[in-house]
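> no FASTA, just this:
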């Protein structure tokens, strides 16, 4: 625990300056109670029993937090580099180090997907019908739809991820877009869930809407239950055409004028577009800063509209967006 800490307020702060007159603990003047209910940040030298996380296009920091039962949890806060995301609008996730009593070992609870450059993804939208939750017909929540919505918001994201994995689709990111209100049809009730699957353009090139929908239906045909959520085995999946990628990548939309063959064919074909219209680049090697400039994320970082050498932006300067 000596490697995880929280700093005392500085002596120049009013909190410390007024300790002698304004602070009382158990009837004794001048005592100060330090709140350690918030996570304590651990030093870089701290070693957890789970080891380190793989930090591809991101960084992680260790934290320890006391829990209400008197024990504690150790987790690492994984954050994607600027311009990369775990899912749309999400670039940070806490991953807990947990003990497995069956094998007497510690391991990370569930590792996050790799950080994606969303400029380099194709998007497949799927609609599914939810019929049961926790082995109970949704009609049971007809008089309390708010509770059902809250439960589905909590459990659907993980269930959708597991469903796509069971369908045999790997290396993608799924994001729940919307959950409809509960609708009743006679003695049954259902909810429609819409989610988007982000497919890296360099991966699963043959995966389209029809194939994804078919694989999901095959996975649901026997049972239909994934975790606590039961689905009807009928999926409606369509691909959202990305006009920027279509106008930028020759292998997606060949244009003899724009796509003149060079003397040397690259080992890895470009799979993303910086700007629209813009310049093609390979997302496994490069990144795009604010749709303006292509850079090497292993050597530089995107700070607003500018690319800076190093791994972080200067904290004292406000960059224009």
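Now that the structure is in, tell me what you want to look at. What you see is a predicted model; the values in this text were computed from it and never measured.

> what helices or strands is the helix ranked longest in the chain leaning on?
Secondary structure of the chain per DSSP state H: the longest helix is helix 145-166. Judged by 3 or more Cβ pairs under 8 Å, 6 or more residues apart in numbering; DSSP states H and E, helix 145-166 is in contact with strand 121-133, strand 173-179, strand 188-200, helix 209-220, strand 225-226, strand 229-231. Just so you know, the C-beta spots here come from the backbone N, C-alpha and C atoms, and that holds for glycine as well.

> as CSV, those with mean neighbour count, mean pLDDT and distance to residue 296 would be great.
CSV is the format used below for the helices and strands packed on helix 145-166 (neighbours: other Cβ atoms under 10 Å; pLDDT from 0 to 100; distance: least, Cβ to Cβ, whole Å):
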stretch, mean neighbour count, mean pLDDT, distance to residue 296
strand 121-133, 21, 92, 20
strand 173-179, 17, 92, 23
strand 188-200, 19, 91, 19
helix 209-220, 19, 93, 33
strand 225-226, 20, 92, 40
strand 229-231, 23, 94, 42
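
> how about those, which one is nearest residue 290?
Distance to residue 290, taken as Cβ to Cβ, is lowest for strand 121-133 among those, at 17.8 Å.

> so what are the sheet partners of that closest one and their directions?
Sheet pairing here is set by DSSP bridges, and for strand 121-133 it gives strand 136-137 (antiparallel), strand 188-200 (antiparallel), strand 229-231 (antiparallel), strand 236-240 (antiparallel).

> can you add distance to residue 309 and give the helices and strands packed on helix 145-166 back as CSV?
As requested, these are exported to CSV (distance: least, Cβ to Cβ, whole Å):
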stretch, distance to residue 309
strand 121-133, 27
strand 173-179, 29
strand 188-200, 27
helix 209-220, 41
strand 225-226, 46
strand 229-231, 47
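
> quick one: closest of those to residue 37.
Shortest distance between residue 37 and the helices and strands packed on helix 145-166, using Cβ to Cβ, is found for strand 173-179: 30.8 Å.

> distance from the closest one to the middle of the chain?
Remark: strand 173-179 is offset 11 Å from the chain centroid, using Cα atoms, centre = their mean, to the nearest Å.

> quick revisit: ok now the longest helix of the chain, how far from the chain's centre?
15 Å.

> of the strands paired with strand 121-133, which is nearest residue 60?
For those, proximity to residue 60 was assessed by Cβ to Cβ; strand 188-200 is nearest, at 21.8 Å.

> show me where pLDDT drops low in the stretch 201-321 of the chain?
For the stretch 201-321 of the chain, the stretches flagged by pLDDT under 70 are 202, 251-267, 316-321.

> again, 50 this time
Scanning the stretch 201-321 of the chain with the threshold set as pLDDT under 50 gives 263, 319, 321.

> hang on, the earlier thing: got the strands paired with strand 121-133 as CSV, with distance to residue 169 columns?
Shown next, in CSV, are these (distance: least, Cβ to Cβ, whole Å):
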stretch, distance to residue 169
strand 136-137, 29
strand 188-200, 7
strand 229-231, 16
strand 236-240, 11
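
> circling back: mind checking which of the helices and strands packed on helix 145-166 is nearest residue 315?
The nearest among the helices and strands packed on helix 145-166, by Cβ to Cβ, is strand 173-179 at 29.5 Å.

> what pairs with whichever helix or strand comes after that closest one, parallel or antiparallel?
Downstream of strand 173-179, the next assigned helix or strand under DSSP states H and E is strand 183-185. The strands beside strand 183-185 in its sheet (DSSP bridges) come out as strand 188-200 (antiparallel).

> now the partner strand against strand 173-179, angle please.
150 degrees (axes from the mean of the first three to the mean of the last three Cα atoms, to 10 degrees).

> quick one: strand 188-200 to helix 145-166, angle?
Per the same axes, to 10 degrees, the angle that strand 188-200 makes with helix 145-166 is 40 degrees.

> could you give the angle of strand 188-200 to helix 209-220?
Angle of strand 188-200 versus helix 209-220, following the same axes, to 10 degrees, is 130 degrees.

> what segments of the stretch 1-150 of the chain are strands?
Taking DSSP state E, counting those that start in this stretch to define them, one finds strands in the stretch 1-150 of the chain at 4-5, 24-25, 28-29, 40-42, 58-66, 72-80, 92-100, 105-108, 121-133, 136-137.
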